[in-house]
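Asks: after the sequence you'll find the predicted model.
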Amino acid sequence: MRTTENATRRALVGILVAGAFSGCTVAGSDYRPPSVATPASWTATAPSLTAGGSPELSRWWAVFGDPVLDSLIAQAAQANLDLRLAEERVLEARAQLGVPESELWPSLSLGAVYWHGRENLPPAPPEGVVGSLYRPGFDASWELDLFGGRRRAVEAAGADLGAIQEERHAVLVTLFAEVGRTYVELRGLQRQIAVARETVATQAETLQMVRARLEAGLASEFDVDRAEAQMATVEAVIPALESSRQRCAHRLAVLLGREPGALSGLLDAAAPIPVPPPNIGVGLPADLLLRRPDLRRAERDLAAATARTGVAEADLYPRLSVAGSLGSQTGEFGELADWSSRIWSYGLALRWPIFDAGRVRAAVRVQNARQEQASTRYRRALLAAREEVENAFVAFGSEDARRRSLATAAAANTRALETARALYGTGLTDYLQVLDAQRALYTVRAQLVQSETAAASDLVALYKALGGGWESGEAPTPAAGR
């Protein structure tokens with residue numbers, strides 16, 4: 001009897017050792033990142049854009065040299081609620097990773113049974129037997145990962161965690177770009193309001209001159225009416241611009257996780273529109289694979305899909321489980337510690353699906369299809385990323401050229417208005433020339449401000465398309481410190 005028990009124990013130990021070293025057999029194929037050809041250079045370009053090198057994108061907003069913008073982005077990184085949700089999803093995914101990891105190890109449980117009752121089965125006397133049963137003990141079980149299905153599940157969960165982390169990075173990129181774009185728009189609106197007020201002040205001076213000439217008999221009531229109408233038309237623009245400015249301030253406050261009116265004191269005072277630097281490094285197309293969080297997430301999704309194919313394939317192979325229990329059993333509580341009350345058992349269980357009407361193989365085909373879909377989504381995301389960057393190049397380059405032309409036109413229109421007013425003051429031209437010059441100057445100045453705003457916004461969009469900003473949020477996050 002002792003020889004049989006020893007042989008059984010040796011067999012059990014051998015199986016456990018084999019299970020411990022079963023990592024050499026893993027279902028599915030090992031994941032390899034996709035190899036994607038990238039062009040050597042960008043198609044679109046602009047005079048101020050420099051390809052090649054390694055652009056500093058982690059803190060792209062610093063190129064504007066605006067301390068208020070720096071402060072707003074720092075506050076958004078600490079308090080934005082969308083970012084907080086993304087961080088909480090990372091914590092959830094990190095906790096979820098522990099579920100498949102735990103399944104690689106044996107499970108051990110402690111249990112106890114107490115029973116008290118009457119039995120009336122032979123050879124019990126006719127009146128039956130009343131008694132108690134005490135049975136505490138430990139139960140252990142372990143399904144050996146012979147073909148790596150559970151290790152593939154851990155691999156898939158790890159890739160899922162990486163994808164959620166990249167989603168957080170994408171939130172950072174979008175958040176910083178939204179703060180930058182809204183801030184630029186607010187400063188642009190402040191500048192448009194200032195231009196409108198300057199124009200009204202200039203037109204008020206012209207109106208006084210026209211009235212003086214009317215009193216001298218050198219002008220008509222028609223000239224006065226046209227001057228008043230021109231001034232009132234420009235004045236009517238200011239309330240709409242002010243309303244848009246306040247909406248931008250409210251939007252910035254919400255992006256910072258604060259009440260809509262919380263930034264009124266900080267942003268009420270006008271400041272210049274952030275100016276793009278003269279030279280901007282944009283890197284190479286291959287950098288997108290390393291920088292953009294959406295591409296990095298698509299790659300992690302592909303890794304997870306590949307690992308889940310291995311999880312499905314592992315169901316094609318046998319499953320071996322080891323189980324055992326150790327405890328004591330007695331009818332008297334005081335005898336639980338006696339060696340003679342001990343009970344134990346152990347055993348093996350083998351399960352291998354022989355016929356399931358093709359269910360497992362169908363599940364493998366499903367995962368293969370999902371893996372192909374993930375691969376296609378990755379390549380589609382890469383093309384969309386390149387398109388976004390190329391479009392951002394075109395938008396910024398075109399707006400930058402337009403801004404330069406409008407600056408030249410504004411200078412010329414300023415000189416033309418000065419000449420027209422001087423000629424009108426000496427009676428060498430009629431008021432229509434002054435009116436046209438004022439209208440043309442206001443129009444081109446307003447367009448110049450809009451173009452300066454658009455150029456800065458397009459640069460923000462370019463930095464976003466290049467995937468800039470998420471590295472600045474890698475250091476301790478608000479979620480970790482709450």
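Replies: All right, it came through fine. The shown structure was predicted, so the numbers you read here are calculated from the model rather than taken from an experiment.

Asks: buried set for whichever strand or helix holds residue 78?
Replies: Assigned by DSSP states H and E, residue 78 belongs to helix 67-79. Neighbour counts over helix 67-79 (16 or more other Cβ atoms under 10 Å) mark 68-69, 72-73, 75-77 as buried. (Glycine included, C-beta is placed from N, CA and C.)

Asks: run through who's touching it.
Replies: Outside helix 67-79, the residues within contact range by Cβ atoms under 8 Å, 6 or more residues apart in numbering are 61-62, 83, 172, 175-176, 179-180, 183, 252, 255-258, 266-267, 271, 274, 472-473, 478.

Asks: ok, 10 Å please
Replies: 59-62, 64, 66, 82-84, 172, 175-180, 182-184, 187, 252-253, 255-258, 263, 266-267, 269, 271, 274, 469, 472-473, 475, 477-478, 481 (Cβ atoms under 10 Å, 6 or more residues apart in numbering).

Asks: tell me which of these fall in strands.
Replies: Judged by DSSP state E, strands contain none of the contacts of helix 67-79.

Asks: other SSEs contacting the helix or strand where residue 222 lies?
Replies: Using DSSP H and E, residue 222 falls within helix 221-235. On a contact count with 3 or more Cβ pairs under 10 Å, 6 or more residues apart in numbering; DSSP states H and E, helix 221-235 meets helix 149-215, helix 431-465.

Asks: which residues touch that helix?
Replies: By Cβ under 10 Å, 6+ apart, the list of residues contacting helix 221-235 from outside reads 195-204, 206-211, 213-214, 219-220, 424, 430-432, 434-435, 438-439, 442, 446.

Asks: quick check: ChimeraX command selecting the buried ones in these.
Replies: Buried residues within the contacts of helix 221-235, by 16+ other Cβ under 10 Å, are selected in ChimeraX with:
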select :195,196,199,200,202,203,206,207,209,210,211,213,219,424,431,434,435,438,439,442,446
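
Asks: can you give me the angle the helix holding residue 222 makes with helix 431-465?
Replies: 10 degrees (axes from the mean of the first three to the mean of the last three Cα atoms, to 10 degrees).

Asks: report the buried residues of helix 221-235.
Replies: 223-224, 226-227, 230-231, 234.

Asks: save the helices and strands packed on helix 221-235 as JSON lines, and put in distance to residue 352 too.
Replies: Putting the helices and strands packed on helix 221-235 into JSON lines (distance: least, Cβ to Cβ, whole Å) gives the following:
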{"stretch": "helix 149-215", "distance to residue 352": "13"}
{"stretch": "helix 431-465", "distance to residue 352": "53"}
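
Asks: now the ones you listed as CSV including mean pLDDT and distance to residue 355?
Replies: As requested, the helices and strands packed on helix 221-235 are exported to CSV (pLDDT from 0 to 100; distance: least, Cβ to Cβ, whole Å):
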stretch, mean pLDDT, distance to residue 355
helix 149-215, 93, 20
helix 431-465, 92, 54
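
Asks: give me the buried positions along stretch 261-276.
Replies: So, applying 16+ other Cβ under 10 Å, buried residues of stretch 261-276: 263, 267, 273-274, 276.

Asks: now do stretch 461-471
Replies: For stretch 461-471, by 16+ other Cβ under 10 Å, it's 461-470.

Asks: quick one: which of those is nearest residue 329?
Replies: residue 470 (60.6 Å; Cβ to Cβ).

Asks: returning to what we had before: quick one: average pLDDT of the helix holding residue 222?
Replies: Averaged across helix 221-235, the pLDDT comes to 89.

Asks: what's the angle from that helix to helix 149-215?
Replies: Here helix 221-235 runs at an angle of 160 degrees relative to helix 149-215 (the same axes, to 10 degrees).

Asks: still on that earlier bit, chain center to the helix holding residue 78, what's the gap?
Replies: Relative to its chain's centre, helix 67-79 lies at 17 Å (Cα atoms, centre = their mean, to the nearest Å).

Asks: just the angle between it and helix 149-215, please?
Replies: Using the same axes, to 10 degrees, helix 67-79 lies at 150 degrees relative to helix 149-215.

Asks: with just CA atoms, put helix 67-79 into PDB.
Replies: What follows is helix 67-79, C-alpha atoms only, in PDB (Å, rounded to 0.1, in the frame of the first residue of the first chain):
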ATOM      1  CA  PRO A  67       2.900  82.300 -20.100                       C
ATOM      2  CA  VAL A  68      -0.900  82.500 -19.900                       C
ATOM      3  CA  LEU A  69      -1.200  79.600 -22.400                       C
ATOM      4  CA  ASP A  70       1.400  77.600 -20.500                       C
ATOM      5  CA  SER A  71      -0.600  78.100 -17.300                       C
ATOM      6  CA  LEU A  72      -3.900  77.100 -18.800                       C
ATOM      7  CA  ILE A  73      -2.500  73.900 -20.200                       C
ATOM      8  CA  ALA A  74      -0.800  73.000 -16.900                       C
ATOM      9  CA  GLN A  75      -4.100  73.500 -15.100                       C
ATOM     10  CA  ALA A  76      -6.000  71.400 -17.700                       C
ATOM     11  CA  ALA A  77      -3.600  68.600 -17.200                       C
ATOM     12  CA  GLN A  78      -4.400  68.600 -13.500                       C
ATOM     13  CA  ALA A  79      -8.200  69.100 -13.500                       C
END
